[in-house]
Every structure is written in C-alpha cells, then in structure tokens.
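Engineer: Sequence and predicted model, in that order:
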Amino acid sequence: MIAKLLSRWPLIRQIRTGADGTGPEAMSARTRNLLPKTHEAQVARSICPYCGVGCGQLIYHKAGKLVSIEGDPQSPISRGHLCPKGADTFELHTHVARLDKVKYRRPYSRKWEELELEKAMDMVADRVWESRERTFQEKIDGELAMQTKAIAHLGGATLDIEENYLIKKLFTAGLGMVCLSNQARI
Ligand code: SF4
C-alpha cells in the first residue's frame, strides 16, 4: 500500500526514471487527462489587426464561438510569435468592456449618447460633404487645384494594396482630398 502511494509521488517517479521532472513523470492522473482548449476546435488563418508587421494568427472556434487566438507557426513573418498586444487579440473580441455601440458626444455636451450605426454613418457622410463643399479650392494662385485640405484619412495597417488603391481613388479622385496616409507608413 505504502509502495503504491509512493509510486504516485512525482519525485519518486523522477528518481526511478532518471527524468528531469518536466515530462510525464511530473503529471498526476488529472493533468495527464487534461485537453487544450483548442481540442476539436476549427481553425481559420488570419492576420493580427493591430500594426503594420502583419503577424499571422490562428483563430480557433467551436460551434460558432471564438475559443482562442494564437500565433501561426507557418507565417513567414512571425513564425508563431505574437507581441503582447497581438497575443491579447482574443480579448479585443470578448472583453466585457468592449464597446459595440456607436458613442456620440454633442458639441459642448458632457454626456455620451448611443447612436444607431446607420445614423452615425449618415452624420459622418454629411460632415465630410459639408467640409468638402465649404473648403474645396478649384484654383490656387490662378493654377488649377481642385482639392481640399480640410479632410484627412489615415488608413489601418492591415488594409491591403487593393483597398488602399480604392481609398486613394475614392477620396482623391472623388472628393479632392490630398491628405491621405496609412498607419503602416508611420
Ligand atoms: S502581434 Fe504585435 S507586432 Fe505582430 S502585427 Fe500584431 S501588434 Fe504588430
């Protein structure tokens, strides 16, 4: 009985096997049967949304629910690694404090109010158009300009080449905006 009890003690198993105490000899019956949270989850490949490095991520999901986000070992850029910000992308989606409603503070107000997304988008479009109409310069010093410097656009680092191309076409050719840049350049 005592010998059986002793054999369950990790130190005895380590002495017996000559192992270094980091392998199966250190496991209890419970830890031996533990499974990773990604067990039987489906996985999709993606890219970290935070910065221009574009580290690869594996998005694990089960029954339509996000389970985990981890570094992608097959990414030639990051080879499975994520910085602390990228490693916390899971909480970007799941944290209870995440805002999922548009917040709007009227001029001179001290309070935030919630808006429907569609209404907020209409308000942004109205303000962009009003600024463009108010500041558009057809000529500068007699030279043709057709531009406004009153509106600027800063793109996100994970926008791809095609998206940046369309943004430039829409904002410069469509509205005359000349102040355009991208976070990946900063
Ligand atoms: S993991 Fe870090 S370094 Fe990589 S893309 Fe995300 S924020 Fe940038």
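Structural biologist: That came through, no problem.

Engineer: make it CA atoms for all contacts and neighbour counts henceforth
Structural biologist: Noted.

Engineer: Flag every buried residue along the top strand by length along the chain.
Structural biologist: When the chain is scanned for its longest strand (criterion: DSSP state E), the result is strand 143-155. Residues of strand 143-155 classed as buried by neighbour count (16 or more other C-alpha atoms under 10 Å): M146, Q147, T148, I151, G155.

Engineer: correct me, but the fourth one touches G176?
Structural biologist: No - taking C-alpha atoms under 8 Å as the definition, I151 is not a contact partner of G176, at 9.4 Å.

Engineer: quick one: A157 and A184 touch, right?
Structural biologist: Yes - between A157 and A184 there is a contact under C-alpha under 8 Å: 4.7 Å.

Engineer: higher neighbour count, those two?
Structural biologist: Neighbours were counted for A157 and for A184 using other C-alpha atoms under 10 Å; A157 has more, 18 against 15.

Engineer: Can you tell me how far the more buried one is from T22?
Structural biologist: 41 Å (C-alpha to C-alpha, to the nearest Å).

Engineer: So in terms of bridging, what pairs with Q57?
Structural biologist: S46, G71 (DSSP bridges).

Engineer: For it, the count of nearby residues, please.
Structural biologist: Q57, neighbours per other C-alpha under 10 Å, totals 28.

Engineer: any idea how far Q14 is from it?
Structural biologist: 37 Å.

Engineer: Now do the contacts for the spatially most central residue of the chain.
Structural biologist: The chain has P49 as the residue nearest its centroid, 3.2 Å off, counting by C-alpha atoms, centre = their mean. Applying C-alpha atoms under 8 Å, 6 or more residues apart in numbering, we find P49 in contact with G86, A157, T158.

Engineer: Now, those that are in helices?
Structural biologist: G86 (DSSP state H).

Engineer: can you redo the contacts of P49 as TSV with pLDDT and distance to the ligand?
Structural biologist: Below are the contacts of P49 laid out as TSV (pLDDT from 0 to 100; distance: C-alpha to the nearest ligand atom, whole Å):
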residue	pLDDT	distance to the ligand
G86	95	4
A157	77	9
T158	77	9
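
Engineer: Of the contacts of P49, just say which sits nearest to F171.
Structural biologist: Taking C-alpha to C-alpha as the measure, F171 lies nearest A157 of the contacts of P49, at 17.8 Å.

Engineer: what's near enough to touch that closest one?
Structural biologist: P49, Y50, C51, G52, G54, N182, Q183, A184.

Engineer: if I've got this straight, the fourth one is in a strand?
Structural biologist: No - under the criterion used here (DSSP: H, G, I helix; E, B strand; the rest coil), G52 is coil, not part of a strand.

Engineer: neighbours around it, how many?
Structural biologist: Here the count is done by other C-alpha under 10 Å, and G52 has 16 residues near it.

Engineer: pretty sure it contacts Q183?
Structural biologist: Yes - using C-alpha under 8 Å, G52 is in contact with Q183, at 7.1 Å.

Engineer: Good, we can wrap up now.
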